[in-house]
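K.L.:
sequence and predicted structure are below.
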Amino acid sequence: MKLSALPLRTLGLGTLLAAAVLGVPVASAADYVQARGGLSFVGKYQGETFIGTFPGFSTRLQFDPTAPQAARLEVDIPLAAADTRNSERDSTLKGADFFNVARFATARYSAQGFTALGDDRYRAEGTLELRGIRKPVTLTFTLSGGDNPVLVGQAVVKRLDFGVGAGDWADVSIIPNEIAVATRVTFKRAP
């Protein structure tokens, strides 16, 4: 990216002088796609804890460690792929009372701008769209540098905010409202 292509107000004076004197291009955000990864959730049903995964999810990242406030993260989650290793529970999750995959095949998490917390830790105040409902969800994570950065993060999703398990399933003594979500994604440069 050429220096002249960047708005001057986004660059510090020191960066401008160094780039001008040394002829060095100013760093810009790199685009990454998911090379491999895992996305899981932990729930309870009548006191029994279970773990589920979303195989086939995909993640895109735009990130410059010198400007985390300009980062972008997008995650597409195929809901029909939900796997808790229990066919009856998986079938229920896909039904109208939970994910309703016939109407809402994909959930999406998107965040613009990260807050640096130090030691490669960040917070993203993103938006989850699930069952056609958009609500804020905070993702906290570590993000290593290098050519193949690794993101390891966690969030809490309040299922009833999205109508997941409403109606007869809304009793939080049977299924808690808060569902823990965890992810680990290794990225590669986008083609």
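P.N.:
Alright, I've got the coordinates.

K.L.:
in PDB, list the C-alpha atoms belonging to the strand ranked longest in the chain.
P.N.:
The residue-count maximum for a strand in the chain (DSSP state E) belongs to strand 30-45. Output in PDB follows, covering the C-alpha atoms of strand 30-45 (Å, rounded to 0.1, in the frame of the first residue of the first chain):
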ATOM      1  CA  ALA A  30      -3.400  -8.500   6.300                       C
ATOM      2  CA  ASP A  31      -6.300 -10.600   5.100                       C
ATOM      3  CA  TYR A  32      -6.500 -14.100   6.500                       C
ATOM      4  CA  VAL A  33      -8.800 -17.100   6.000                       C
ATOM      5  CA  GLN A  34      -9.300 -20.100   8.200                       C
ATOM      6  CA  ALA A  35      -6.800 -22.900   7.600                       C
ATOM      7  CA  ARG A  36      -8.200 -25.200  10.300                       C
ATOM      8  CA  GLY A  37     -10.100 -24.800  13.500                       C
ATOM      9  CA  GLY A  38     -12.700 -25.800  16.000                       C
ATOM     10  CA  LEU A  39     -15.800 -24.200  17.300                       C
ATOM     11  CA  SER A  40     -17.500 -25.700  20.300                       C
ATOM     12  CA  PHE A  41     -20.300 -25.000  22.800                       C
ATOM     13  CA  VAL A  42     -21.100 -26.300  26.200                       C
ATOM     14  CA  GLY A  43     -24.600 -26.800  27.400                       C
ATOM     15  CA  LYS A  44     -26.600 -28.600  30.100                       C
ATOM     16  CA  TYR A  45     -29.800 -30.500  30.000                       C
END
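
K.L.:
what packs against that strand?
P.N.:
If you count contacts as 3 or more CB pairs under 8 Å, 6 or more residues apart in numbering; DSSP states H and E, strand 30-45 packs onto strand 48-53, strand 58-63, strand 178-189. In this view, the C-beta of every residue, glycine as well, is placed from N, C-alpha and C.

K.L.:
kindly reformat those strands as a markdown table containing distance to Asp168, mean neighbour count and mean pLDDT.
P.N.:
Output for the helices and strands packed on strand 30-45, formatted as a markdown table (distance: least, CB to CB, whole Å; neighbours: other CB atoms under 10 Å; pLDDT from 0 to 100):
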| stretch | distance to Asp168 | mean neighbour count | mean pLDDT |
| --- | --- | --- | --- |
| strand 48-53 | 18 | 12 | 97 |
| strand 58-63 | 33 | 18 | 98 |
| strand 178-189 | 18 | 17 | 98 |
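
K.L.:
quick check: buried residues in the longest strand of the chain?
P.N.:
Under the neighbour-count criterion of 16 or more other CB atoms under 10 Å, strand 30-45 has Tyr32, Gln34, Gly37, Leu39, Ser40, Phe41, Gly43, Tyr45 buried.

K.L.:
can you lay out the helices and strands packed on strand 30-45 as a markdown table showing distance to Ala82?
P.N.:
Shown next, in a markdown table, are the helices and strands packed on strand 30-45 (distance: least, CB to CB, whole Å):
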| stretch | distance to Ala82 |
| --- | --- |
| strand 48-53 | 6 |
| strand 58-63 | 15 |
| strand 178-189 | 12 |
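
K.L.:
understood, closing this out.
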